[in-house]
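A.B. asks: Quick check, what structure comes out for this input:
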Amino acid sequence: MGLDFLVPIFGILIVLVPVTGATLIMTLRLGGKPFIETLAKELKMGGNPRLEDQIAALTDQVESLTTEVRELRSVQSFDKKLLGSRESTDS
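C.D. replies: Sure thing, here's the model as predicted:
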């Protein structure tokens, strides 16, 4: 007597729950998959320019250090020649 109103509610829920589940699954599969793929691609592409920028900066630093080492070697060889000529004049 008091539970007669539950029969139509459960009858509706028996149909509504699977339909809602199927709708949710189809929505996620058809709408979510491209979104997730695009998001993953953007995250991959977004990480690479930073890495490329770091690599470019490191390459520039290596080039500048190489130039400085070459200049120091030339100055050092000049100093050796200068000291060598000074020692030969002192003798």
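
A.B. asks: residue ranges of the helices in this structure, please?
C.D. replies: 6-27, 33-90 (DSSP state H).

A.B. asks: Kindly reformat these as TSV containing mean neighbour count and mean pLDDT.
C.D. replies: The way it works is simple: take the backbone N, C-alpha and C, and place the C-beta from them, glycine included. Below are the helices of the chain laid out as TSV (neighbours: other C-beta atoms under 10 Å; pLDDT from 0 to 100):
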stretch	mean neighbour count	mean pLDDT
helix 6-27	10	88
helix 33-90	10	84
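
A.B. asks: So Thr66 versus Arg73, what's the distance?
C.D. replies: 11 Å (C-beta to C-beta, to the nearest Å).

A.B. asks: repeat for Gly2
C.D. replies: 100 Å.

A.B. asks: repeat for Leu82
C.D. replies: Distance from Leu82 to Arg73, by C-beta to C-beta: 15 Å.

A.B. asks: what does Ile55 give?
C.D. replies: For Ile55, the distance to Arg73 - C-beta to C-beta - is 27 Å.

A.B. asks: ok, Leu39 - contacts?
C.D. replies: Counting by C-beta atoms under 8 Å, 6 or more residues apart in numbering, Leu39 makes contact with nothing.

A.B. asks: ugh, wrong one, I meant Gly2
C.D. replies: Contacts of Gly2 (C-beta under 8 Å, 6+ apart): none.

A.B. asks: pLDDT score assigned to it?
C.D. replies: Predicted confidence (pLDDT) at Gly2: the value is 72.

A.B. asks: re earlier: any shared contact partners between Thr66 and Arg73?
C.D. replies: In contact with both Thr66 and Arg73: no residue, using C-beta under 8 Å, 6+ apart.
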